[in-house]
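*Asks:* Okay, here's the prediction I keep looking at, along with the sequence it came from:
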Amino acid sequence: MHLKIEIFGIVQGVGFRPFVYNLAKKHNIKGFVLNSGKGVTIYAEGDKERVKKFLEELETLAPPLSKIDKIITKEKEAQNFTKFEIKESKSSKKSTLIPPDSRVCQECLAEIRDKSNRRFGYPLINCTNCGPRYTIIKSLPYDRKNTSMSDFEMCKECKREYQDPTNRRYHAQPIGCFECGPKLTLEIEGLKVKLPQKEIIKSVAKLLKDGKIVAVKGLGGFHLLCDATNSEVVSRLRTRKRRPSKPFAVMVKNLKEVKKLAVISKKDEELLDSIFNPIVLLKSKKSMPLSHLIAPNINILGLILPYTPIHHLLFDELSSPLVLTSANISGEPIIASSEEMKSKLGLVFDAILDFDRKIINGCDDSLAMVVKDEIFYLRVARGLAPISIKFEREFSTPSLAVGANQKSTVSIGFDNKIITSAHIGDLDSIDSVKFFEKNIDILKRFYEFRPQNILCDLHEDYESSKWAKEQNLPLQKLPHHFSHTLAVLAEHNCFDEVLSFVWDGTGLGVDGKIWGGEVLLASVNGFERVGHFREFRLLGGERAIKEPKRVALALLFEVLELDKILKLKNPTISSFKEFEIKALYKTWQKGLNSPPTSSAGRLFDAFGSLAGLLQESSYEGESGLILESNYTKTDKSPQNLLQIRDGVIDWENLLKSSLTLTAEEISTNFIDSLAGVVAEFAQIYNDKKIILAGGVWQNRTLLERVLDIIPRNRVLLPKKLPLNDGSISVGQLFWQINKK
């Protein structure tokens, strides 16, 4: 029997060919295997039963980093092969999935701690089952010559391993060792330190113990590290980085140490210790050894386990958890070169640990949380991206979608698939826009992709929309909140009409107003806005987003007379001088620089201000985290103080009742009332599936509360894609592939 077997999915750079080779030897199969532009192609010839068993085990025993999407088999005429071999990659139309980066495997960890092993202490160890992938690839297929490892010539011993199909490092493209691989360099206060390679990590560990801030190169870029238990150095990092209160992620040695810091479920453990190793949001314990400056005013920690050999070697020397924050200027992409580190953040760090393997494609850490035993993503990046979604239909023309402006991603659509970039970030700076353009170029280069049309957001002032307009290609603009809905429909390949709660900060509506608290009756063919929050004004426009007290004041202007507002004993009123309130009242009356909005995200700001928890915000979503941290859960069904009249969700009663309550009561009533709104609409449209989409659903307490009261099988949620604007580009392409 002779079969041609084509395998599609993540099957390159994950040890698939040597796996096939050894499986063929096991079953006495003759023929060959090679990488192609589509995936892996196998010609397998042998006894019929052996070929069938071989085919079966291709799926059931596949390498841990592989992901098989589809297998196509076709019977061929016998060729009478005399052996089974691995052939050189075959060039063809490129559509294979790019392998994401992976944490260091247990076998490699054992080797760097084995004094008899030639890679003992080697800080850039890797094999076919682990290490860099996406971040070092220049083009497909994934061969060494197409990566940044092409700069390093293998030594005799590494070459032997690389060429041996029975070896764990067979065709491990980043293979290296002390003799031939990338090497570390350490600079302290701008001066290069001359140390043996095996001593550099120990020197960095001492710097961290001594309260220094060290920039350390990782898989997808640099991180800033310091002792997370030392408030003095954490304070210094905040001052130097100009990051007053946004939480820092913390790297912890192992799960045992995580349990000292946070409340952790079995699912949290699995996520923390998974192959893609994301930062996981967890509820902090009241008594823990971390500095109080790690996550000021909130009880939520972002924790991560070591995932590179360098991290593990550092923790062999350290006992304290480490701050691990992306090295970037706020809102910009993670920095991937030491030159850029020195020019942009040279005054932030005391020392820099670098190595001479170039990062071709910068990639931040993924960010996730567990809600009711399910995993949800807030940032899809290292270990997960790029991601692919396949459909039964095909694109009529190759299409590019450029998403929105915040939490940016870009996606390409061709054949029957959408491929989405890793997290790019907010397009608020020149460098961010350059990184956005670079990610488009990456996908074009990998897949020899040339778009014939572009999709963007309806908002013309988004940098992504401006860029799209400049390309002189057919352009389709889609409403922001409709795209959110479409992204979830795409993940679930759903064509039914659904009830979609799209709650976020801001997005342009079809009426030209700022939406953000929408209830849509929608399908891939279009939508009807059947509900939204009562509108209020953003006093000062963009300034109101930075100052929650302005949003709260605008709500008060809507329902109370000025003289009554001035007499209120409330944290919002106390945060203003009387003349400021009077001046803002005139601004509000005239509608000067005070656009109306229905934003759910801004309502979080308003009630955070009324509760006295936050009057000025230093990072996006701060009010949501603080309200969540002050929430008190009860066994009672959530009380809904938000009234729904003709589809308008009125916050007036909730606002007035909040004027005499504690911060905890306000936080609890607000979140419970939001959940109650979902329940009420769900009852009205009781035959519809429900979608929850938009940045507000990153609030774990709110999401959990809704899932407490709505049957889970009725709710559609993004599982591969992030809950926020990172999914927008996928939604845009789902509309394109299905448009009539």
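*Replies:* Noted; the coordinates are in hand. Numbers count the residues shown, from 1 in each chain.

*Asks:* mind listing the helices for the stretch 401-550 of the chain?
*Replies:* Along the stretch 401-550 of the chain, the segments classed as helices by DSSP state H, counting those that start in this stretch run 430-447, 463-470, 480-491, 542-546, 548-559.

*Asks:* Now residue 722. Its backbone dihedrals?
*Replies:* Main-chain torsions, residue 722, degrees, to the nearest 10: phi -70, psi 160.

*Asks:* Could I get the contacting residues of it?
*Replies:* Going by CB atoms under 8 Å, 6 or more residues apart in numbering, residue 722 touches 377, 378, 379, 380, 407, 423. Bear in mind the C-beta positions are built from the backbone N, C-alpha and C, glycine included.

*Asks:* Go ahead and confirm the fifth one touches residue 425.
*Replies:* Pointing back at residue 407 there. Yes - counting by CB atoms under 8 Å, residue 407 does reach residue 425; the two are 7.4 Å apart.

*Asks:* looking at the helices of the stretch 401-550 of the chain, which is buried most?
*Replies:* Ranked by mean neighbour count, these are led by helix 480-491 with a mean of 28 (mean count of other CB atoms under 10 Å).

*Asks:* Does it pack against any helices or strands, and if so which?
*Replies:* Counting contacts by 3 or more CB pairs under 8 Å, 6 or more residues apart in numbering; DSSP states H and E, helix 480-491 packs against strand 498-508, strand 514-523, strand 526-533, strand 689-693, strand 715-716, helix 728-738.

*Asks:* can these go into CSV with extra columns for mean pLDDT, distance to residue 313 and mean neighbour count?
*Replies:* Output for the helices and strands packed on helix 480-491, formatted as CSV (pLDDT from 0 to 100; distance: least, CB to CB, whole Å; neighbours: other CB atoms under 10 Å):
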stretch, mean pLDDT, distance to residue 313, mean neighbour count
strand 498-508, 97, 41, 26
strand 514-523, 98, 46, 24
strand 526-533, 98, 51, 19
strand 689-693, 98, 41, 24
strand 715-716, 98, 43, 20
helix 728-738, 97, 38, 27
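
*Asks:* of all those, which lies closest to residue 210?
*Replies:* Of all the helices and strands packed on helix 480-491, strand 498-508 sits nearest to residue 210, with 41.2 Å by CB to CB.

*Asks:* Neighbour-wise, give me the winner out of the contacts of residue 722.
*Replies:* Neighbour counts for the contacts of residue 722, by other CB atoms under 10 Å, peak at residue 380, which reaches 29 neighbours.

*Asks:* Now that one: phi and psi?
*Replies:* In terms of degrees, to the nearest 10, the main-chain angles of residue 380 are phi -110, psi 110.

*Asks:* Wait, it touches residue 365, no?
*Replies:* No - counting by CB under 8 Å, residue 365 is not a contact partner of residue 380; they are 10.6 Å apart.

*Asks:* residue ranges for the helices of the stretch 151-300 of the chain, please.
*Replies:* Ranges of helices within the stretch 151-300 of the chain are 156-163, 197-209, 231-241, 255-261, 266-272, based on DSSP H, counting those that start in this stretch.

*Asks:* how about a markdown table for the ones you listed, with distance to residue 566 added?
*Replies:* Output for those, formatted as a markdown table (distance: least, CB to CB, whole Å):
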| stretch | distance to residue 566 |
| --- | --- |
| helix 156-163 | 76 |
| helix 197-209 | 53 |
| helix 231-241 | 36 |
| helix 255-261 | 45 |
| helix 266-272 | 48 |
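
*Asks:* I'd like those helices written out as JSON lines, with distance to residue 573, mean neighbour count and mean pLDDT added.
*Replies:* Formatted as JSON lines, the helices of the stretch 151-300 of the chain follow (distance: least, CB to CB, whole Å; neighbours: other CB atoms under 10 Å; pLDDT from 0 to 100):
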{"stretch": "helix 156-163", "distance to residue 573": "69", "mean neighbour count": "14", "mean pLDDT": "96"}
{"stretch": "helix 197-209", "distance to residue 573": "46", "mean neighbour count": "18", "mean pLDDT": "97"}
{"stretch": "helix 231-241", "distance to residue 573": "30", "mean neighbour count": "17", "mean pLDDT": "97"}
{"stretch": "helix 255-261", "distance to residue 573": "38", "mean neighbour count": "16", "mean pLDDT": "96"}
{"stretch": "helix 266-272", "distance to residue 573": "41", "mean neighbour count": "17", "mean pLDDT": "97"}
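
*Asks:* Surely residue 246 is in contact with residue 619?
*Replies:* Yes - look at residue 246 against residue 619 with CB under 8 Å: they come within range, at 3.9 Å.

*Asks:* how about the residue nearest to the spatial centre of the chain, what does it touch?
*Replies:* Most central in the chain under CA atoms, centre = their mean is residue 379, positioned 1.5 Å from the mean C-alpha point. Taking CB under 8 Å, 6+ apart, we find residue 379 in contact with 364, 365, 366, 367, 407, 423, 722, 726.

*Asks:* From the contact counts, what lies against the longest helix belonging to the chain?
*Replies:* In the chain, assigned by DSSP state H, the helix with the most residues is helix 663-684. Counting contacts by 3+ CB pairs under 8 Å, 6+ apart, helix 663-684 packs against strand 498-508, helix 600-610, helix 622-629, strand 643-645, helix 652-658, strand 689-693, helix 700-709.

*Asks:* Buried deepest among the ones you listed, which one?
*Replies:* helix 600-610 (a mean of 28).

*Asks:* CA atoms only for it, dumped as PDB, please.
*Replies:* The C-alpha coordinates for helix 600-610 follow below in PDB (Å, rounded to 0.1, in the frame of the first residue of the first chain):
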ATOM      1  CA  ALA A 600     -19.900  51.000  29.800                       C
ATOM      2  CA  GLY A 601     -16.100  51.500  30.400                       C
ATOM      3  CA  ARG A 602     -16.600  55.100  31.300                       C
ATOM      4  CA  LEU A 603     -19.400  54.100  33.700                       C
ATOM      5  CA  PHE A 604     -16.800  52.000  35.600                       C
ATOM      6  CA  ASP A 605     -14.800  55.200  35.800                       C
ATOM      7  CA  ALA A 606     -17.700  57.200  37.100                       C
ATOM      8  CA  PHE A 607     -18.700  54.800  39.900                       C
ATOM      9  CA  GLY A 608     -15.000  54.300  40.800                       C
ATOM     10  CA  SER A 609     -14.900  58.100  41.400                       C
ATOM     11  CA  LEU A 610     -18.200  58.200  43.300                       C
END
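
*Asks:* Let me have the contacts of residue 379 in TSV, extended by pLDDT and distance to residue 623.
*Replies:* Output for the contacts of residue 379, formatted as TSV (pLDDT from 0 to 100; distance: CB to CB, whole Å):
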residue	pLDDT	distance to residue 623
364	96	24
365	97	24
366	97	24
367	98	19
407	94	17
423	95	22
722	97	20
726	97	21
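
*Asks:* where along the stretch 251-400 of the chain do the strands fall?
*Replies:* Along the stretch 251-400 of the chain, counting by DSSP state E, counting those that start in this stretch, strands occupy 262-263, 279-284, 300-304, 322-326, 351-355, 367-371, 374-379, 387-390, 399-401.

*Asks:* How is this structure divided into domains?
*Replies:* Per the record, the chain has its domains at 2-86, 184-367, 386-471, 532-684, by automatic domain parsing.

*Asks:* What score does residue 143 have for pLDDT?
*Replies:* Residue 143 carries a pLDDT value of 84.

*Asks:* what's the neighbour count on it?
*Replies:* That count, for residue 143 with other CB under 10 Å as the rule, works out to 18.

*Asks:* Let me see the contact set for it.
*Replies:* 35, 89, 171, 173 are the contacts of residue 143 under CB under 8 Å, 6+ apart.

*Asks:* Could you measure from it over to residue 173?
*Replies:* Using CB to CB, to the nearest Å, we find residue 143 at a distance of 7 Å from residue 173.

*Asks:* Give me whichever of the strands of the stretch 251-400 of the chain is most buried.
*Replies:* strand 399-401 (a mean of 28).
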